[in-house]
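Peer 1: quick one: sequence and predicted model below, then my questions.
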Amino acid sequence: MSIFSGTGVALATPASDDEILFSEVEKLISYVVSGGADALIALGTTGEASTLSDNQKESFVRFVRTKTDLPLIVGTGGNNTKAVTKNCLSAEKWGADAFLVVTPFYNKCTQEGAFAHYKYIAERVSHPIIVYNVPGRTGFNLLPETMAKIAKLKNVVGIKEASGNMVQIERCLSIVEADIYSGDDALTAPAMCMGAKGVISVAANVAPELVSHMTNMALSGNLLKAGAMQLKLLPLIDALFAEVNPIPVRAALNMLGIDMGNPRLPMTELSESNKAMLKSIMEELKLI
């Protein structure tokens, strides 16, 4: 069962003074949906879920659900297996169509522990699960062979692969019987050329039409055009990761007229030099 193909947008969360700015959330949803998004991802890294209260998480997901019929994937991961299971069951009630479950972080685990983690969760939920591998954030790399085992579990339908290692992505595509999504904007076209279903994208918050055009070209088999669009987007992608995500994307959305509010610590404002660089690139792409 495929949750989506093409462009999934890892939504940023406009918030200020501990309050979610729902009018700005609505603007962001309208912008990315009109730009061709195929799915929305709430409460991920880009959405700063770790600094949202449980009530804020619920209100955010419920609000997004009322604003779109696109597949809604909710980040429910953590490093406490039973708590993650509870998060999934809550997200089901809020309107999630699927869960994005990151590998355990900080305490980490063995490859066998990761398998047991996902097995426990998959046996206790009814909605589809997309496994999220991002070793740069978690300090743990889920190996392709372990992914292949996890993909055979009930309810596991996809992998968001954000190792940044193209050889690992190739290995996943060759042995994992589940949908593979690029978790790195800079590797979307190469991954899709080898069979990935799409991307869960930070850049699509800012340039949804361009990212969606790239994924549509790849899905239709027009690999040269997809590759050309990837190269066109590369300066923007580099700028959006010039500092820790989501610091740059928040600045970019402010430039687009979507008020992101004040950063929640430990996130800070984008430096002035990087802000100037980002603005110049967005102007070149005619985004602003």
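Peer 2: Looks like it came in fine. Numbering: from 1, shown residues only.

Peer 1: what's the nearest residue to Pro14 once chain neighbours are set aside in contact with, if anything?
Peer 2: Spatially, and ignoring its direct neighbours in sequence, Pro14 is nearest to Glu24 (3.7 Å; C-beta to C-beta, 6 or more residues apart in numbering). C-beta coordinates here come from the backbone N, C-alpha and C atoms, glycine included. Each residue near Glu24 by C-beta atoms under 8 Å, 6 or more residues apart in numbering is listed here: Pro14, Ile258, Asp259, Met260, Gly261.

Peer 1: kindly recompute the last result at 7 Å.
Peer 2: Pro14, Ile258, Asp259 (C-beta atoms under 7 Å, 6 or more residues apart in numbering).

Peer 1: are any of those residues buried, and which?
Peer 2: Among these, those classed as buried by 16 or more other C-beta atoms under 10 Å are Pro14, Ile258.

Peer 1: roughly how far is the host helix or strand of Ala276 from the heart of the chain?
Peer 2: Assessed by DSSP states H and E, Ala276 sits inside helix 272-284. The chain centre lies 23 Å from the centre of helix 272-284; the measure is C-alpha atoms, centre = their mean, to the nearest Å.

Peer 1: all strands for the stretch 1-150 of the chain, in order.
Peer 2: 6-10, 15-16, 19-20, 39-42, 72-75, 98-102, 129-133 (DSSP state E, counting those that start in this stretch).

Peer 1: now mean pLDDT, distance to Gly113 and mean neighbour count too, for the ones you listed, in TSV please.
Peer 2: TSV is the format used below for the strands of the stretch 1-150 of the chain (pLDDT from 0 to 100; distance: least, C-beta to C-beta, whole Å; neighbours: other C-beta atoms under 10 Å):
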stretch	mean pLDDT	distance to Gly113	mean neighbour count
strand 6-10	98	26	28
strand 15-16	87	34	20
strand 19-20	94	34	14
strand 39-42	98	25	26
strand 72-75	98	20	27
strand 98-102	98	14	27
strand 129-133	98	14	26
